[in-house]
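Quick one, structure for this:
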Amino acid sequence: MTSKIFDISVQNPDDSTHFGNPAASKTTPCPACGSRIARPLFPKERPWILRCDTCGLTRAEPQPSDDELEAIYDEHYYEQFGFVARNQDDRALSTTKRATYGRLLSQLQTHLPKDAQQPESVRPRHLLDIGCGLGYSLLEAQSRGYQALGLDPLAPVGNPRFADRTILRDTLETVELTQRFDAVTAIDVIEHVRDPIQTVRAAARLLRSDGVLMLATNDVSSLGARLLGPRWTHFHRAHLWFFTPETLSKIVSLAGLEVIATEPVWRVYNFEYIASILARGDNFRLAMRCAQAGLKRVPKALQRLPWPAVPEGFVLFARTP
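From the prediction side, this is the model:
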């Protein structure tokens, strides 16, 4: 079942500077603190985005139904990122994705035990990437000496780049793995899952005793989120949670892990990637129309030039106590 993909610095509740201060109401219990009191951040534009009055965890409520999520995660899901055909030239998308994941792996390296930081000839390093998508993360990890395995129920079938078992088209809830990993990574995944605490617990069970979990996601307390308000591009129905370093740290701690660090993520983009997302979104209608026109008129060579890395979101590292 696709909806089980792998199944603000906290503000003062009375602070109305950026999000307004609509009346709080009773909701389902917050998974981070148990409070039933939350308020919509944008009651007119996006009334389904609620922030817990007690801990600040922001979430979608009600969550989309299974049928709605099935419609979101259809066979055209990856088209919004510029991937439109199995046999297309994917060098531009691969370059940007690998560059971002490579930066994350460099950050991960500093948190691994010393023996796992050694070259593969000393001790093979095993990595599992949850939500590996098209598999670019695996290519980058393999180039750095990891024995990398991917897990993603939406991964395209028959990708000639990968052996049959390099990417498992399965979910974290149903996959059967006896192997344990030096690192388990999930990049832009935790915001999609039904139950983030259970997802973190399931991921932690696949770690070696000294292994490291790496979670990367977007930051709802970021300057971009504050400036754009309800038009922030990450406010859409595929995202069920909107974290800050503080609220995700709380979730990970409740799952029984020790948070090592939270750090900024530096991402590499190009015009094709950004325009493909904007062209399918409804947060900015003018941007949507401009992006659609740009994808048709801007030469592909220019669309696919990588931009300098920019900070967006954060990454959290954790391990079993």
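
C-alpha from now on. contacts and neighbour counts both.
Noted.

can I assume Ala183 is in contact with Ser209?
No: in this structure Ala183 lies outside contact range of Ser209 using C-alpha atoms under 8 Å: 10.6 Å.

Check whether the closest residue in space to Pro62 that isn't next to it in sequence sits in a helix, strand or coil.
Distances taken as C-alpha to C-alpha, 6 or more residues apart in numbering place Trp48 nearest to Pro62, at 6.5 Å, with adjacent residues excluded. Put simply, Trp48 is strand when judged by DSSP: H, G, I helix; E, B strand; the rest coil.

Return the residues in contact with Trp48.
Going by C-alpha atoms under 8 Å, 6 or more residues apart in numbering, Trp48 touches Pro40, Ala60, Glu61, Pro62.

Then Ala202?
So Ala202 contacts Leu172, Glu173 (C-alpha under 8 Å, 6+ apart).

Would it be right to say that it lies in a helix?
Yes: assessed by three-state DSSP, Ala202 belongs to a helix.

Output the below-cut-off pLDDT ranges for the stretch 1-150 of the chain.
The model of the stretch 1-150 of the chain has pLDDT under 70 over residues 1-24, 79-92, 115-122.

Just confirm Ser209 is within a helix.
No: in this structure, Ser209 is strand, not part of a helix, as judged by three-state DSSP.

All further residue positions should be reported with the first residue as 687.
Will do, 687 is the new start, and the previous item becomes Ser895.

residues touching the closest residue in space to it that isn't next to it in sequence, list them.
Once flanking residues are discounted, Ser895 sits nearest to Thr1006: 6.9 Å by C-alpha to C-alpha, 6+ apart. Contacts for Thr1006 (C-alpha under 8 Å, 6+ apart) come out as Ala890, Ser895, Asp896, Gly897, Val898, Gly942, Leu943, Glu944.

Among those residues, name the buried ones.
Ala890, Gly897, Val898, Gly942, Leu943, Glu944 (16 or more other C-alpha atoms under 10 Å).

now the residue nearest the centre of the chain, nearest residue through space, not along the chain?
Closest to where the C-alpha atoms of the chain average out (C-alpha atoms, centre = their mean) is Asp874, at 0.7 Å. Closest residue to Asp874 apart from its sequence neighbours, by C-alpha to C-alpha, 6+ apart: Thr903 at 4.8 Å.

now swap in Gly910 and tell me
Leaving aside its chain neighbours, Gly910 sits nearest to Trp918 (7.1 Å; criterion: C-alpha to C-alpha, 6+ apart).

What's the end-to-end length of stretch 835-843?
16 Å (C-alpha to C-alpha, to the nearest Å).

List the buried residues of it.
With the criterion 16+ other C-alpha under 10 Å, stretch 835-843 contains buried residues Leu835, Gly836, Leu837, Asp838, Pro839, Leu840, Ala841, Pro842.

Check the contact between the second one and Leu820; I expect there is one.
No: in terms of C-alpha under 8 Å, Gly836 does not count as a neighbour of Leu820; the distance is 9.5 Å.

if we can go back for a sec, ok, the residue nearest to Pro748 to Ala746 distance?
5 Å.

what does Pro992 give?
Pro992 sits at a distance of 33 Å from Ala746 (criterion: C-alpha to C-alpha).

Have a look at those two and say which one is more surrounded.
Shown here are Pro992 and Ala746; by other C-alpha atoms under 10 Å, Ala746 has more neighbours (21 against 18).

my guess is that one meets Ile735, correct?
Yes: taking contacts as C-alpha under 8 Å, Ala746 lies within contact range of Ile735: 4.8 Å.

quick one: contacts for the residue nearest to the centre of the chain?
Leu901, Ala902, Thr903, Asn904.

got TSV for the residues you listed, with distance to Thr857, secondary structure and neighbour count too?
Below are those laid out as TSV (distance: C-alpha to C-alpha, whole Å; DSSP: H, G, I helix; E, B strand; the rest coil; neighbours: other C-alpha atoms under 10 Å):
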residue	distance to Thr857	secondary structure	neighbour count
Leu901	17	strand	23
Ala902	18	strand	23
Thr903	19	strand	24
Asn904	22	coil	23
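
of all those residues, which comes closest to Tyr759?
Of all these, Tyr759 sits closest to Thr903, with 18.5 Å by C-alpha to C-alpha.

list the contacts for that closest one?
Shown in contact with Thr903 (C-alpha under 8 Å, 6+ apart): Ile873, Asp874, Val875, Ile876, Glu877, Phe929, Gly999, Phe1000, Val1001.

again, only this time at 6 Å
Contacts were defined as C-alpha atoms under 6 Å, 6 or more residues apart in numbering; by that measure Thr903 touches Asp874, Gly999, Phe1000.
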